[in-house]
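Asks: from the sequence below, what's the structure:
(chains A and B)
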Amino acid sequence: MLRAADQPLPVLCLAGPTGSGKTELALQLSRRLGCEVINTDSRQVYADFPIICAQPRPEELSQCPHHLYGKLKIEEKISAGQWCSMAEDCIREVLRRGHVPLLVGGTGMYFHTLLHGMAPIPAIDPRLRAQLEARVESEGPEKLHAELGAIDPDYAIRIHPHDRQRIVRALEVAAQTGHTLSWWHAQKSLQSPRAQGPLFVFQAPMTWLEPRLKRRIDQMLEMGALEEAQKAYTLCADGEAPGWSAIGCAELLAFLQGRLSFENCLALWYQNTRAYAKRQNTWFRGRKEAIFFPAEASDQFLSQAEDAWQNLCAQSLGNASGGRHA
RNA sequence: GCCGAGAUAGCUCAGUAGGUAGAGCGGGGGCCUGAAAAGCCCUGUGUCAGCAGUUCAAUUCUGUUUCUCGGCA
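Replies: This is a model prediction of the structure:
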């Protein structure tokens, strides 16, 4: 091997808002380059919602190897860190087989962890988090935000006093590790990127996306989304479980529990999907490293991705394994 | 037909002891370092149903018309 073990691994990344056609494009690229697709979506890792979370369908999965899809039970938690190390292992194996690791999904932060690295913060004791969450509940977020201000003013100033999630995160890290989040984040030498490669982002304006999102919900229902939710409900009736938090799942659960009419369930489902797509667009728009390409120009993407991979191989792998010659 | 209750932001509604109005949701914009399909922030002028009257001043009071929802016929 020419490269040290911690050298960033060469990858191709395909991101974009939900429903923009990433799955299909990934398969097209795979036909050209010989890819293995690695899921970069925080909800498609769950096993019991393949339809509602828009995992690739069986006939799509069979076209090339796919990884990290449908792995977790509804009660199991995933985090960006866990995903990142699973993805890293996966990428290594794909490269070893001489294939192209193609990361496909819509979870911006997951791409970020892989391409920019993460602070090696140890796992936090869930009881500690539960305690802090209870305190936020009873004492109010402002109080804990003020406490955070006393120990980690740099981070406190960056987050809003109402941002319970981040306040709890910062406090639990400080309490358990003895170092503040700011300190961890400043340790740049400890968080080198796990992978390197172009981040292609499917640019999909909302006016183009809206009808597709609407249609897709109907298609999901035709494919058995409701039955999928019913079945999942028998496996796990706890609506608070991590797997239920996906858009579509939460709304169908509310319907199954009689908290929503079917009509309102569908309306909410669409509304939340749309809002999510907007948030994704906002996230990706802000990425400096992103290479955008418009919805119609899939051939443009395919040739760009192909070129990018050749360059990556030349520059980062030399004649080591992992390259594929055109 | 009669009797009640309504008519205020895209939706659901609050309010003004008369000085032209505000919440939630939606919509729009943004943030994002281990829950990220999560979490969080910013953003509200609308003939206050129409017409007439009282008044310096009416969305607010009075009359009337229209419409909606109940009840009685």
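Asks: now do the SS call for A:K143.
Replies: helix (DSSP: H, G, I helix; E, B strand; the rest coil).
Asks: now swap in A:A314 and tell me
Replies: Classified using three-state DSSP, A:A314 is helix.
Asks: where's it relative to A:P10, distance?
Replies: 10 Å (Cβ to Cβ, to the nearest Å). Placement of C-beta: from N, CA and C, glycine included.
Asks: those two - which one has more neighbours?
Replies: Neighbours were counted for A:A314 and for A:P10 using other Cβ atoms under 10 Å; A:P10 has more, 23 against 11.
Asks: just read off the phi/psi values of the more buried one.
Replies: Backbone torsions for A:P10, taken as degrees, to the nearest 10, come to phi -70, psi 130.
Asks: again, but for the one 5 residues further on
Replies: Main-chain torsions, A:A15, degrees, to the nearest 10: phi -120, psi 180.
Asks: got a list of what it touches?
Replies: A:22, A:40, A:104-106, A:108, A:111, A:199-202, A:284, A:290 (Cβ atoms under 8 Å, 6 or more residues apart in numbering).
Asks: mind checking which of those residues are in strands?
Replies: Among the contacts of A:A15, the ones falling in strands (DSSP state E) are A:104-105, A:199-202, A:290.
Asks: nearest to RNA strand B among these?
Replies: Relative to RNA strand B, the closest of these is A:G105; by Cβ to the nearest atom of the strand it sits at 7.9 Å.
Asks: residue boundaries of the helices in chain A?
Replies: With DSSP state H, the ranges of helices along chain A come out as A:22-33, A:58-61, A:80-96, A:108-116, A:126-139, A:141-151, A:153-158, A:164-177, A:181-186, A:206-223, A:225-235, A:249-256, A:262-285, A:298-312.
Asks: now do the second one: everything it contacts.
Replies: Helix A:58-61 has contacts (Cβ under 8 Å, 6+ apart) with A:23-24, A:27, A:69.
Asks: go again using 7 Å as the cut-off
Replies: A:23, A:27 (Cβ atoms under 7 Å, 6 or more residues apart in numbering).
Asks: as a whole number, average confidence for it?
Replies: Per-residue pLDDT values over helix A:58-61 give a mean of 97.
Asks: kindly report the same for the first one.
Replies: Predicted confidence along helix A:22-33 averages 95 (mean pLDDT).
Asks: so which bits of that helix are buried?
Replies: Along helix A:22-33, these residues count as buried under the neighbour rule (16 or more other Cβ atoms under 10 Å): A:22-23, A:25-30, A:33.
Asks: next one: stretch A:192-203
Replies: A:193-203.
Asks: residue in the stretch 1-150 of chain A nearest to RNA strand B?
Replies: Among all residues of the stretch 1-150 of chain A, A:G81 sits closest to RNA strand B, at 2.2 Å; criterion: Cβ to the nearest atom of the strand.
Asks: contacts only, for the residue nearest to that residue when sequence neighbours are not counted.
Replies: Among residues not flanking A:G81 along the chain, A:M118 sits closest, at 6.0 Å (Cβ to Cβ, 6 or more residues apart in numbering). Counting by Cβ under 7 Å, 6+ apart, A:M118 touches A:81, A:84, A:191.
Asks: a markdown table for those, including neighbour count and pLDDT?
Replies: Converted to a markdown table, the contacts of A:M118 look like this (neighbours: other Cβ atoms under 10 Å; pLDDT from 0 to 100):
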| residue | neighbour count | pLDDT |
| --- | --- | --- |
| A:G81 | 15 | 95 |
| A:C84 | 20 | 96 |
| A:Q191 | 17 | 84 |
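Asks: closest one of those to A:I217?
Replies: A:C84 (30.6 Å; Cβ to Cβ).
Asks: I figured that closest one hits A:L115, correct?
Replies: No - at 10.1 Å, A:C84 does not count as touching A:L115 under the criterion of Cβ atoms under 7 Å.
Asks: what's the distance between the residue nearest to A:I78 when sequence neighbours are not counted and A:N272?
Replies: Leaving aside its sequence neighbours, A:I78 sits nearest to A:V45 (Cβ to Cβ, 6+ apart; 5.5 Å). A:V45 sits 20 Å away from A:N272, taking Cβ to Cβ as the criterion.
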